[in-house]
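Q: fold the following, please.
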Amino acid sequence: MTNTAKVPPRSSVVVIGVGGVGLNAVQGAVLSGAYPIIALDKLENKLTAARLFGATHTLRADDDNVVEAVRQWTWGRGADYVFVTVGSTAAINQGLSLRRREGVLVLVGIPEQTASVALPAAHTVWNQWRILGSSMGSTRLQVDVPRLVQLYQQGRLKLDELITARYPLARINEAIAAVEAGEALRNVITFG
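A: Numbering: from 1, shown residues only. Okay, the predicted model is just below:
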């Protein structure tokens, strides 16, 4: 949010997929001073969590009126920034449709290595769209980790709220299954 896309205050942000990574994108939008912050997901429990993490608007990603709703919430323009945090070509295509002229699409989730999307080249040129990849949020460990710790200590970064459950190592398969089923935001594996 702050390193890769450099989202300025008052920018409109859409986050597609609000699991653990997406919720942190929502938090990044909050810390950047973005408005509105629109969260899209197929699961209601994830949308509920997104509101707790700072999303100003939520909508099911599979709703027929997603494009219309995003345009309405962004004063008819489309989003300044769209973050796709799931590894899905359908989500990437949806993200392409939600940006405004000169909007930025940030790909965070990683689809299968052979996956591809059709890029509307003429629209990309005419509308000056930008597409960015974000690996680990372009984190600069020596700079970003101390800042994140400070934000957490100030109560401005929700980390504890991301943890759905704690599992001993012997139950790791259960923890993974719960995340894959969409039942958990993040599970923690404990040792000993």
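Q: only the buried residues of the lowest-mean-pLDDT helix or strand in the chain, if you could.
A: Lowest mean confidence among the helices and strands of the chain (mean pLDDT, DSSP states H and E): helix 121-126, at a mean of 84. Using 16 or more other CB atoms under 10 Å as the test for burial, helix 121-126 gives no buried residues. For glycine as for every other residue, the C-beta is placed from the backbone atoms N, C-alpha and C.
Q: helices and strands around the helix or strand just after it, which ones?
A: Following helix 121-126 in sequence order, the next helix or strand is strand 130-133 (DSSP states H and E). Other helices and strands packing on strand 130-133, by 3 or more CB pairs under 8 Å, 6 or more residues apart in numbering; DSSP states H and E, are strand 99-107.
Q: pretty sure residue 78 contacts residue 98?
A: Yes: contact criterion CB atoms under 8 Å: residue 78 and residue 98 qualify, at 6.0 Å.
Q: got the domain ranges for the chain?
A: Residue ranges for the domains of the chain, per automatic domain parsing: 13-138, 159-192.
Q: would you turn these into JSON lines with distance to residue 4?
A: Listed next are these as JSON lines, based on distance: least, CB to CB, whole Å:
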{"stretch": "domain 13-138", "distance to residue 4": "4"}
{"stretch": "domain 159-192", "distance to residue 4": "20"}
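Q: determine which stretch of those is the most buried.
A: Of all the domains of the chain, domain 13-138 carries the top mean neighbour count, a mean of 19, counting by mean count of other CB atoms under 10 Å.
Q: this structure: strands as residue ranges?
A: Assigned by DSSP state E, the strands in the chain fall at 13-16, 37-41, 57-60, 79-84, 99-107, 130-133, 163-168, 186-190.
Q: can you list those in CSV and add distance to residue 143 and mean pLDDT?
A: Below are the strands of the chain laid out as CSV (distance: least, CB to CB, whole Å; pLDDT from 0 to 100):
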stretch, distance to residue 143, mean pLDDT
strand 13-16, 22, 98
strand 37-41, 24, 98
strand 57-60, 31, 98
strand 79-84, 21, 98
strand 99-107, 20, 95
strand 130-133, 19, 92
strand 163-168, 25, 96
strand 186-190, 24, 94
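Q: name the nearest residue to residue 184, ignoring sequence neighbours.
A: Nearest non-adjacent residue to residue 184, counting by CB to CB, 6 or more residues apart in numbering: residue 164, 3.8 Å away.
Q: distance of that neighbour from residue 45?
A: Distance check for residue 164 against residue 45: by CB to CB, to the nearest Å, it reads 10 Å.
Q: quickly list what residue 99 is bridged to.
A: Note on residue 99: beta-bridge partners by DSSP bridges are residue 79.
Q: and residue 16, by the same measure?
A: In this structure, residue 16 bridges to residue 40, residue 84 when assessed by DSSP bridges.
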